[in-house]
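*Asks:* only geometry, no sequence info:
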């Protein structure tokens, strides 16, 4: 299996503050790596390291064997919802097709038939093709969220990085959303970070808890230990809709 | 009415208004959607320093304005890319420093600065043929660059971070865009003057924003609104014998007020009809 993203003893600082310490992880192709952690735990920083938007203080980040800034064209990025200016005069299809700009001429850019065909396919996969001419300010939260994901997918990435993608998605859409991610897993690596324990689905092949340090468990399980370490306090795992497989506790280990 | 149009100065004024409308419609659209209004104000006031220097050194004040506005745009752009939180303070400083330099140089220049007032408040009816030539060159340059870089500008102004992920040279593109704003400001100084530049840069674009869902459409509509406003302003100021710059701005402002009223009315109507169904 090809290693899509490798972090080796990575440290990162923001404004002089240690945000990430000694992070080592491997994301393989066709793997769904879910990382949960509290707000301010360094989740967005981790994603930005992978994209080469932030440089590590120590350690190395490799994306498909090269530097992130060299190979980030192979990555699809779904940034946090609130970073968007949804009052910008742009239609859904214009926004989505802009994800194909990476391989194009910088001046007198023209979108080809291929660009348009792929955009239409992605819009259909995500169920928003009938909205394609609509201005993004006129879309609902869930529709906007899918637009952001569509933009990441049109570049046909080999790995998809998602930062809190379910904040504005209601429960039925969320299920749909995880079905989509599950089908994407067949084609690419998926890295998802979120603060919401409830959304980590049983589709994840690896789960980690992040709060400055990364606590992992190779199976797709969140254990009590991981959560306690990451959240610095015992976390109630009576989350709604979380598959039980994720919820195995380690009570026996604690009380031998 | 027909007789005025045959005057050379009046034709020049109409051409200047047309050229200014094209550029401020296009660049003003970026200024409005990227929220660079204060930045543009800083650039235009910094240009006054160049005008003062022009008087003092005995060169064309417009050349001085071009140098000062470009330098301030690139300076603010570079600093804002690396220390974003200070941009607001920086704009204020550049704004005042530009004016101070201008005042200083003008006071050092012996004699009376004849068309100083027109740089501050604009006078489209007195645009010399030489300036018209400079304006034409600038307008062509701006239009060509925007057509060439349309998709890249769109990506950078909509989502800078994603543009970076797409390996677009965001810093260069952003500085290029700011340079275009600086050149547009210089063009507009002749029409409405340093103090009123921001209004002509933003009002037509803000009006068009209400009726366009794509950047491209917003630009075209802005240009049309700009032509409408400047042309009617030129005629009105001539017949009423009032300052042209102020007239143009007040017409644009009145139109914007109407648009806002119409929008409020439309929303209210929608609410009422929604309640009735």
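*Replies:* Everything's here; your move. The shown structure was predicted, so the numbers you read here are calculated from the model rather than taken from an experiment.
*Asks:* just the strands in the stretch 151-256 of chain A please.
*Replies:* With DSSP state E, counting those that start in this stretch as the criterion, the stretch 151-256 of chain A has strands at A:159-163, A:189-194, A:206-211, A:213-217.
*Asks:* The second one close to chain B?
*Replies:* When you say that, I think you mean strand A:189-194. No: Strand A:189-194 stays clear of chain B (Cβ under 8 Å from any Cβ of the partner chain), getting no nearer than 14.1 Å. C-beta here means a position set from N, CA and C on the backbone, and glycine is covered the same way.
*Asks:* That strand to strand A:159-163, inter-axis angle?
*Replies:* On the basis of axes from the mean of the first three to the mean of the last three Cα atoms, to 10 degrees, strand A:189-194 is oriented at 10 degrees to strand A:159-163.
*Asks:* Taking their axis directions, strand A:189-194 and strand A:206-211 sit at what angle?
*Replies:* Between strand A:189-194 and strand A:206-211, the angle comes out at 40 degrees (the same axes, to 10 degrees).
*Asks:* Then the first one?
*Replies:* With the same axes, to 10 degrees as the criterion, the two stretches strand A:159-163 and strand A:206-211 enclose an angle of 40 degrees.
*Asks:* Give me the contacts around strand A:159-163.
*Replies:* When contacts are defined by Cβ atoms under 8 Å, 6 or more residues apart in numbering or on different chains, strand A:159-163 is touched by residues A:4-5, A:27, A:29, A:43-44, A:47, A:50-51, A:63-64, A:74-80, A:149, A:152-153, A:181, A:184, A:188-193.
*Asks:* re the thing from before, now render the strands of the stretch 151-256 of chain A as JSON lines, adding mean neighbour count and mean pLDDT.
*Replies:* Below are the strands of the stretch 151-256 of chain A laid out as JSON lines (neighbours: other Cβ atoms under 10 Å in any protein chain shown; pLDDT from 0 to 100):
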{"stretch": "strand A:159-163", "mean neighbour count": "24", "mean pLDDT": "95"}
{"stretch": "strand A:189-194", "mean neighbour count": "24", "mean pLDDT": "92"}
{"stretch": "strand A:206-211", "mean neighbour count": "23", "mean pLDDT": "88"}
{"stretch": "strand A:213-217", "mean neighbour count": "18", "mean pLDDT": "83"}
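*Asks:* so can I have CSV of those strands showing distance to residue B:124?
*Replies:* Converted to CSV, the strands of the stretch 151-256 of chain A look like this (distance: least, Cβ to Cβ, whole Å):
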stretch, distance to residue B:124
strand A:159-163, 50
strand A:189-194, 56
strand A:206-211, 61
strand A:213-217, 64
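*Asks:* Identify whichever of the ones you listed lies nearest to residue B:9.
*Replies:* Closest to residue B:9 of these is strand A:159-163 (Cβ to Cβ; 59.2 Å).
*Asks:* Let me know the distance separating residue A:36 from chain B.
*Replies:* In this view, residue A:36 and chain B are 23 Å apart by Cβ to the nearest Cβ, to the nearest Å.
*Asks:* tally of neighbours for that residue?
*Replies:* 27 (other Cβ atoms under 10 Å in any protein chain shown).
*Asks:* beta partners for it?
*Replies:* Beta-bridge partners recorded for residue A:36 (DSSP bridges): residue A:194, residue A:209.
*Asks:* There's contact between it and residue A:209 in this structure, I believe.
*Replies:* Yes: taking Cβ atoms under 8 Å as the contact criterion, residue A:36 and residue A:209 are neighbours in contact, 5.7 Å apart.
*Asks:* Can you check the pLDDT for the residue lying closest to residue A:50 once chain neighbours are set aside?
*Replies:* Nearest residue to residue A:50, sequence neighbours excluded (Cβ to Cβ, 6 or more residues apart in numbering or on different chains): residue A:5, at 5.5 Å. We have a pLDDT of 95 for residue A:5.
*Asks:* thinking again about what came up before, so which of the contacts of strand A:159-163 are in helices?
*Replies:* Judged by DSSP state H, the subset of these located in helices is A:43, A:44, A:47, A:50, A:51, A:149, A:152, A:153, A:181, A:184.
*Asks:* which residues are contacting the helix or strand in which residue A:69 is found?
*Replies:* Using DSSP states H and E, residue A:69 falls within helix A:68-71. For helix A:68-71, the surrounding residues in contact (Cβ under 8 Å, 6+ apart) are A:49, A:50, A:51, A:52, A:61, A:62, A:63, A:64, A:65, B:167.
*Asks:* Around chain B, which positions in the stretch 1-150 of chain A sit nearby?
*Replies:* By Cβ under 8 Å from any Cβ, the residues of the stretch 1-150 of chain A that approach chain B are A:51, A:53, A:69, A:72-73, A:75, A:77, A:79, A:83-85, A:88-91, A:94-95, A:98-99, A:101-102, A:104, A:106-109, A:111, A:134-135, A:138.
*Asks:* residues of the helix holding residue A:69 that come out buried?
*Replies:* Buried residues in helix A:68-71, counting neighbours by 16 or more other Cβ atoms under 10 Å in any protein chain shown, are found at A:68, A:69, A:71.
*Asks:* Spit out the contact partners of the closest residue to chain A within the stretch 1-150 of chain B.
*Replies:* Of all residues in the stretch 1-150 of chain B, residue B:148 sits closest to chain A, at 4.4 Å by Cβ to the nearest Cβ. When contacts are counted by Cβ under 8 Å, 6+ apart, residue B:148 touches A:107, A:108.
*Asks:* Wait, a helix at it?
*Replies:* Yes: looking at residue B:148 with DSSP: H, G, I helix; E, B strand; the rest coil, it is inside a helix.
*Asks:* where's it relative to residue B:141, distance?
*Replies:* Counting by Cβ to Cβ, to the nearest Å, the gap from residue B:148 to residue B:141 is 11 Å.
*Asks:* The nearest residue to residue B:104 once chain neighbours are set aside: how many residues sit nearby?
*Replies:* Leaving aside its chain neighbours, residue B:104 sits nearest to residue B:52 (6.8 Å; criterion: Cβ to Cβ, 6+ apart). Residues near residue B:52, counting by other Cβ under 10 Å, number 29.
*Asks:* thinking residue B:52 is in contact with residue B:100, fair?
*Replies:* No: applying Cβ under 8 Å, one finds residue B:52 not in contact with residue B:100, separated by 9.3 Å.
*Asks:* and residue A:149, what pLDDT?
*Replies:* In this model, residue A:149 is scored at 92, pLDDT.
*Asks:* got a list of what it touches?
*Replies:* By Cβ under 8 Å, 6+ apart, the contact list for residue A:149 reads A:78, A:126, A:162, A:165, A:180.
*Asks:* quick one: it from residue A:143, how far?
*Replies:* Noted for residue A:149: a distance of 11 Å to residue A:143, by Cβ to Cβ.
*Asks:* quick revisit: hmm, which of the contacts of helix A:68-71 are the buried ones?
*Replies:* Taking 16+ other Cβ under 10 Å as the criterion, what is buried in those is A:49, A:50, A:51, A:52, A:61, A:62, A:63, A:64, B:167.
*Asks:* Confirm residue B:118 sits in a strand?
*Replies:* No: assigned with three-state DSSP, residue B:118 falls outside any strand and is helix.
*Asks:* That one contacts residue B:126, correct?
*Replies:* Yes: shown here, residue B:118 and residue B:126 form a contact pair, counting by Cβ under 8 Å, at 6.1 Å.
*Asks:* Compare these two (neighbour count), which wins?
*Replies:* Taking other Cβ under 10 Å, residue B:118 and residue B:126 do not tie; residue B:118 has more neighbours (19 against 15).
*Asks:* Might you list the low-confidence residue ranges for the chain?
*Replies:* In the absence of a named chain, this looks at chain A. A:1, A:169-172, A:198-202, A:217-256 (pLDDT under 70).
*Asks:* looking at chain B here, not the other one
*Replies:* Residue ranges of chain B with pLDDT under 70: B:1-2, B:84-85, B:274-277.
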